[in-house]
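Engineer: no FASTA, just this:
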DNA sequence: CGTATACACATTGTATACAATCCTGCCGTG
DNA sequence: CACGGCAGGATTGTATACAATGTGTATACG
């Protein structure tokens, strides 16, 4: 079906892996607030393992941009700044438009049908758990779309990026019921692909990203304060 | 001067860091052949440390794409496939053109002067050591150029990508004396920036990347297609 | 009272020992 | 001869113990 997804290599259920996933989930769902301080010992106790797997998990999350490590000091959950958000959205636009320009040339009817299935997902407003599931499917859709461009390296980068951005999306979803709207956006993209119109697809992606950006801006404003969340706290 | 360069945070001279740099150097300079098998114990002995720092270094290199890890089996130096090369070049084009489109709007005269200095570097044909130095400076130039676009996240991704690609470049440099040519290409880019012409800059980048791609293709053909190239083993 | 210095504490960095896993090849059995 | 189980070795995965580092604090001294 829809391409490789680098490797399931690391998905062998090892302690490191489970700590990584648990910790990542807790950061993305904002259980660990941006700016919060974490130590290896603390996390090891919390997730029931020794420091070694915790360490590896933290290194990965650091690489992804969700954590910041300060030697001999500890780890800190990355702040959500408007600058960071803007950077992520801009990069996403660059990557996705780049990929889709190739995709319209390479895509096959079968792949379009597969993608169409992925586009169907929605979420239930106010159901916190369904947000997480929806976001995973959404990520899957965009990654598979990009994969149609045939550049595995680019797909990997986008996958990482969307992983980081999940934290932002979480803020936006609870603001209203955008499920049908987002599904419509996805279908719009699939149609553009079907007619092999690069310009149409690019426009569609741009609008989609702009809409997502607006949602998050609104959520940030609503949750009190412009951003960043509790910035400048450590004085 | 030329922007932040995320952090020198990890550059505190720790064992992990020195192993990482040494191992990375040996992979990029093809001392470890593509496809070669490496074990943690072996590397620990070779670089004079315990397995833990080796492990962390390998994880980082894996993330960068220079190593592939197979659980309970070992690590393998990533192959250089023409597909991989094409992907990297395409992604690079997407990132750099994306960045420079912003850069022409934001760049200041002072930054242009700084960049001009970085553009001056060349290398000495057939001097293996000077290749490495040149490639570092070349990377610095392109990263700083991208940084002018103001998207730190994008810069980070590009930095990683160029790091991986150094291995390819190594092949191309020894093929002839392209030092002056490449310097000219850099200056061309600086001029485009000065006249704030996005189209000119993009064209320039495209040509530059195409030229680089051709050099490497030629090198691969010369060295007998399907890599690897033999290397002077340490015996 | 201000400043510098030494010391203690918290945290990560590193080493070593042991457990889990996977592959290979042997050997027995049908 | 083919096939399956089983044991041995190699390698990573994990836990624990110890060293290095950096930061803040208390204390002595000017």
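Structural biologist: Here it is on my side, so go on. It should be emphasised that the depicted structure is a prediction, and the values quoted were computed from it without experimental measurement.
Engineer: the closest residue in space to residue A:175 that isn't next to it in sequence: neighbour count?
Structural biologist: Nearest residue to residue A:175, sequence neighbours excluded (CB to CB, 6 or more residues apart in numbering or on different chains): residue A:219, at 4.9 Å. To be clear about C-beta, it is placed using only N, CA and C from the backbone, and glycine gets the same treatment. For residue A:219, the neighbour count with other CB atoms under 10 Å in any protein chain shown is 18.
Engineer: isn't residue A:146 right up against residue A:95?
Structural biologist: Yes: with contact defined as CB atoms under 8 Å, residue A:146 reaches residue A:95; the gap is 6.9 Å.
Engineer: thinking again about what came up before, what's the helix or strand for the residue nearest to residue A:175?
Structural biologist: helix A:198-222 (DSSP states H and E).
Engineer: which other helices and strands does that helix contact?
Structural biologist: helix A:82-106, helix A:152-173, helix A:179-194 (3 or more CB pairs under 8 Å, 6 or more residues apart in numbering or on different chains; DSSP states H and E).
Engineer: JSON lines please, covering these and showing mean pLDDT and distance to residue B:66.
Structural biologist: Listed next are those as JSON lines, based on pLDDT from 0 to 100; distance: least, CB to CB, whole Å:
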{"stretch": "helix A:82-106", "mean pLDDT": "96", "distance to residue B:66": "21"}
{"stretch": "helix A:152-173", "mean pLDDT": "92", "distance to residue B:66": "13"}
{"stretch": "helix A:179-194", "mean pLDDT": "92", "distance to residue B:66": "34"}
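Engineer: DNA strand D: which of these is closest?
Structural biologist: For the helices and strands packed on helix A:198-222, proximity to DNA strand D was assessed by CB to the nearest atom of the strand; helix A:152-173 is nearest, at 19.4 Å.
Engineer: tell me what the closest one is packed against?
Structural biologist: In this structure, helix A:152-173 makes packing contacts with helix A:15-28, helix A:51-64, helix A:82-106, helix A:128-147, helix A:198-222, helix B:82-106, helix B:152-173, judged by 3+ CB pairs under 8 Å, 6+ apart.
Engineer: now distance to DNA strand D too, for these, in TSV please.
Structural biologist: Formatted as TSV, those follow (distance: least, CB to the nearest atom of the strand, whole Å):
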stretch	distance to DNA strand D
helix A:15-28	3
helix A:51-64	4
helix A:82-106	24
helix A:128-147	23
helix A:198-222	30
helix B:82-106	22
helix B:152-173	21
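Engineer: for those helices, which one sits closest to DNA strand C?
Structural biologist: The nearest among the helices and strands packed on helix A:152-173, by CB to the nearest atom of the strand, is helix A:51-64 at 6.4 Å.
Engineer: hmm, the helix or strand that that closest one is followed by in reach of DNA strand D?
Structural biologist: Per DSSP H and E, the first helix or strand lying C-terminal to helix A:51-64 is strand A:67-70. No: using CB under 7 Å from any atom of the strand, strand A:67-70 never reaches DNA strand D; the gap is at least 8.1 Å.
Engineer: in strand A:67-70, which residues are buried?
Structural biologist: A:67-69 (16 or more other CB atoms under 10 Å in any protein chain shown).
Engineer: excluding chain neighbours, what is closest to residue A:153?
Structural biologist: Leaving aside its chain neighbours, residue A:153 sits nearest to residue B:87 (4.1 Å; criterion: CB to CB, 6+ apart).
Engineer: which residues touch the closest residue to residue A:168 other than its chain neighbours?
Structural biologist: Distances taken as CB to CB, 6+ apart place residue A:216 nearest to residue A:168, at 5.2 Å, with adjacent residues excluded. Contact analysis of residue A:216 by CB atoms under 8 Å, 6 or more residues apart in numbering or on different chains lists A:85, A:168-169, A:171-172.
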